[in-house]
Every structure is written in C-alpha cells, then in structure tokens.
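*Asks:* need a 3D model of the following:
(one chain, ligands or ions: 1)
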Amino acid sequence: MRKPLIAGNWKMFLNVTEAAELAKTVCNSNIDYSKTDVMLAPSFTNISVVSAALKSAGKPVALAAQNVYTEENGAFTGEVSIPMIKSAGADAVILGHSERRIIFKETDEFINVKVHKSLGAGLTVVLCVGELLQEREAGVAFEVVLAQLGKSLAGVNDLSKVVIAYEPVWAIGTGKTASPGDAQAMHAVIRGFIARIYNNSAAESIRILYGGSVKPDNIADLMKETDVDGALVGGASLKADSFLKIVNY
Ligand code: PGA
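*Replies:* Presented below is the predicted three-dimensional model:
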C-alpha cells in the first residue's frame, strides 16, 4: 500500500516570520502521521526557519526546496545549490514545476540533470509534469506528459526516492481542478509507463500526486481514485486551516 503524501508548495509567498508561524501551526495540529506523510516547500530564504520549527516540534514533516541549481558552488549569481538547501535543512526538492518550465524556460534535459544530482545527493525528488490547456484540447495530454516523464527521468534507475506530481497547467491557480476521473486516467497512464520502463514493483510503489487547485472540498473525491496517492497543494497550503483540512481529508 502506498502511503498518501500531502505536500504544500508555498511558492513565492510568506516572509520569514509568516513561514515560521505557519510551520509551527501545522506542527502543533492534530495530524495522524501514521496515515499521511506531510511535506512543506517554502522559499529558499525560509527553509532554515521552517527546518528549525519542524525540529523543535519533533514532527516527521518533510522539507522541500522548490528548485535547485545543478552546480555545487561557483560563480552563479542568484542560484542556490544542493549542498546549500541540505545544510538549511531540506531533505527534498520539487523539480520541473510548470512555473519553472514556462516562466523560467527550464527544459526536460535541464530538469533531468537536476533530478540526477538531487537523487545523487540523497534528496527526495518531487518531479512535476503536466500538459497545457491547448495540449489537452488537442488530445495529446497523455503523450506530452509521458514525453516529459521519459526525458526528465532519463538514466534514472532507482525510483525509490522519486515522487511524481501530475499537475495539469490549466488547473494550477485557476480554481479549475481536473475531475477525479481525468486525474485517475492520467495517473493510471503514468503508472503504466513506469511499469513498462522500469518494472511492476517500481510502478506499484511510486507515489503519484495530483496538483492543481486542490482544496478542502475536492481532496476527498480525488483521493478516492486508486492511482491518486496524494496532492501537491499551492494556494490552499498557505493557510493552516485549509492545508490541515486537506491533510486530514
Ligand atoms: P494551486 O497550485 O494549488 O494553487 O493550483 C498547485 C501547484 O502549483 O503546485
């Protein structure tokens, strides 16, 4: 059985004080960690303070960066490396988010390098894939997502620290959620792909999250689908109340 994972992607929101407060509130709330894994993904500047809050509460909440650069150090003004996020307390990283792909022009090949380096450094990777509205309307959503997956995971042999997040771009921050049936259809195709490229046991154990306007009132229906193993939550993760309702769906 795959254990559900609910991850909060705080994007470029919250200052240091607000991030620490939100992390503390999440930690002080009633969460049955034997039933659900929880992950928080603050901005780079807030990783340390969230890490400190998680440690002092002693709660098993995973801590992810929202991105990372490929090099360990050097003259790369403005970038943040894997050793840096690890030393700040991160044990995971979100890679290939559509906002990185679209706004910052990240390619599957670049994401693939980051996936290799992050896994090599022992981080858990939450790899995001998802189609644009035009691609869904053109009937090519499955092939677009599988192409992203194939390229982003090229040369990766061990998926034990990989989580896939299916996030249809048209559903992110728009209030439009994929129907549970549409999410399930894509998740099943993704799992089938993992079974073909890797093996059945990798396919059975990998967690596939859904992301895109996940809210307290739609999480339960999404989670009823057999291949939906959790959620990557943006907007609704910024308020303790809505995030906790999702975690405790
Ligand atoms: P949203 O974002 O929940 O605000 O749609 C999800 C995401 O981008 O991870």
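*Asks:* go through stretch 196-213 and flag the buried ones.
*Replies:* 197-198, 202-203, 206-213 (16 or more other C-beta atoms under 10 Å). No exception for glycine: its C-beta is placed from N, CA and C like everyone else's.
*Asks:* what ranges do the strands span in this structure?
*Replies:* 5-9, 37-41, 61-65, 92-95, 124-129, 162-166, 207-211, 230-233 (DSSP state E).
*Asks:* deepest-packed of those strands, please.
*Replies:* strand 230-233 (a mean of 29; mean count of other C-beta atoms under 10 Å).
*Asks:* could you redo the strands of the chain as TSV and give each row mean pLDDT and distance to Ile111?
*Replies:* Formatted as TSV, these follow (pLDDT from 0 to 100; distance: least, C-beta to C-beta, whole Å):
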stretch	mean pLDDT	distance to Ile111
strand 5-9	98	16
strand 37-41	98	16
strand 61-65	98	14
strand 92-95	99	6
strand 124-129	98	8
strand 162-166	98	12
strand 207-211	98	16
strand 230-233	98	16
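*Asks:* would you format those strands as TSV with distance to the ligand included?
*Replies:* Listed next are those as TSV, based on distance: least, C-beta to the nearest ligand atom, whole Å:
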stretch	distance to the ligand
strand 5-9	4
strand 37-41	9
strand 61-65	11
strand 92-95	8
strand 124-129	7
strand 162-166	7
strand 207-211	4
strand 230-233	4
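*Asks:* make CSV from those and add distance to Phe76 to it.
*Replies:* Below are the strands of the chain laid out as CSV (distance: least, C-beta to C-beta, whole Å):
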stretch, distance to Phe76
strand 5-9, 24
strand 37-41, 22
strand 61-65, 15
strand 92-95, 17
strand 124-129, 21
strand 162-166, 25
strand 207-211, 28
strand 230-233, 27
